[in-house]
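Asker: Mind folding the following:
(one chain, ligands or ions: 2)
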Amino acid sequence: MNRLFKATVTDNKQIKKDHYLLTLHPFKKINRPEPGNFFMLSVDSSLDPLLKRPFSMHRWLGFDFQILYRVAGKGTGILSKRRPGDLLDVVGPLGNKFPVAKTHDKIILIAGGLGIAPIFSLAEKLKKNKHLLFYGAMTKEELLCIDELKSLGIEPVIATDDGTLGYKGVITDILKKFLTQNSKLKTQNYLYACGPKPMLMALSLLARKYDLKGYMALEQNMACGLGTCLGCVVNTVDGYKRVCKEGPVFRIEEIVWE
Ligand SMILES: Cc1cc2nc3c(=O)[nH]c(=O)nc-3n(C[C@H](O)[C@H](O)[C@H](O)COP(=O)(O)OP(=O)(O)OC[C@H]3O[C@@H](n4cnc5c(N)ncnc54)[C@H](O)[C@@H]3O)c2cc1C
Ligand code: FES
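Answerer: Residues are numbered from 1 along each chain as shown. Ligands and ions are numbered 1, 2, ... in the order given. Got it, this is the predicted structure:
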């Protein structure tokens, strides 16, 4: 199926300072996106900015879908001004997905900041009693989707760097305490993570220490999103791989951090 399509903005709601929830209605039926997949969006109909921007699939609504985003620069600033009825060019769904096997006994989801965008879609897909969600942000104001998680029956373990909500500290430290206290979980748990690079690096160390398996979704600046420009490569134990094509989801032990 051709993955280039036009979509109408049906909603673009500011949910927190600098954070928006965009709902798109594709002009045609698209492949069902899976947690971990992403879309390349043109933020405007003009040629400036020329390049589409990558965003994770946050929620699949059956035909429409949602993107959760933060205004980070020019492109997302323009996107935040889009109004219902505006048209966007979209390519997707792209990339691989979080592979979840039925044999994965207990699942630990870890989201840092905007990493909640794809982790939410995975949490929504999994059965509610099968996983634990650890969710960290700099401050209370940057925690998103808490009510929506609760309405799915998910009570996340929360940490904020400044202690304004949940535990004070970084989420990987809270996870480490949990793993230490529940050492028998070592062999049963699979980690699924998305968040800023320092969080993912800390998680790689934890996974090595506790011999945990799992997957993480990476973010990298992207020009094409289609595997042709090689602008998004990361170093792995098997050589360089493209985040847009072989990723964005990689095995935790696969990434060679530089
Ligand atoms: C697979 C993937 C999924 C993503 N999902 C989401 C999402 O669900 N929600 C969300 O808010 N953001 C997401 N991002 C990041 C988002 O693509 C960038 O924030 C956006 O492209 C910035 O565009 P801009 O023009 O506003 O900023 P720019 O002016 O281009 O850059 C502003 C800042 O953002 C950084 N940046 C630019 N592009 C990226 C990028 N692709 N990844 C990381 N940092 C970048 C720049 O280095 C700079 O520091 C995702 C990125 C990838 C690769
Ligand atoms: S963004 Fe062009 S190869 Fe990945």
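
Asker: what's across from the spatially closest residue to Leu87 that is not a sequence neighbour in the sheet?
Answerer: Leaving out its chain neighbours, the residue that sits closest to Leu87 by Cβ to Cβ, 6 or more residues apart in numbering is Lys6, at 5.5 Å. All C-beta atoms are positioned from the backbone trio N, CA, C, and that covers glycine. Per DSSP bridges, the residues bridged to Lys6 are Asp89.

Asker: separation between Lys6 and Met216?
Answerer: Counting by Cβ to Cβ, to the nearest Å, the separation of Lys6 from Met216 is 32 Å.

Asker: Between those two, which is the more surrounded one?
Answerer: Met216 (26 against 14; other Cβ atoms under 10 Å).

Asker: these two touch, right, the more buried one and Ala202?
Answerer: No - taking contacts as Cβ atoms under 8 Å, Met216 lies outside contact range of Ala202: 11.2 Å.

Asker: ok, the residue nearest to the spatial centre of the chain - contacts?
Answerer: Centroid-nearest residue in the chain: Pro118, 3.1 Å away (criterion: Cα atoms, centre = their mean). By Cβ atoms under 8 Å, 6 or more residues apart in numbering, the contact set of Pro118 is 35-36, 38, 56-58, 98, 194, 217.

Asker: contacts with ligand 1 among those residues, please.
Answerer: 38, 56 (Cβ under 6 Å from any ligand atom).

Asker: could you dump the contacts of Pro118 to TSV with neighbour count and pLDDT?
Answerer: Converted to TSV, these look like this (neighbours: other Cβ atoms under 10 Å; pLDDT from 0 to 100):
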residue	neighbour count	pLDDT
Pro35	26	96
Gly36	26	97
Phe38	27	98
Ser56	27	97
Met57	26	97
His58	25	97
Phe98	26	94
Cys194	30	97
Ala217	29	98
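
Asker: next structured bit after the helix or strand where Tyr190 lies?
Answerer: Using DSSP states H and E, the element containing Tyr190 is strand 189-194. For strand 189-194, the following helix or strand on the C-terminal side (DSSP H and E) is helix 197-210.
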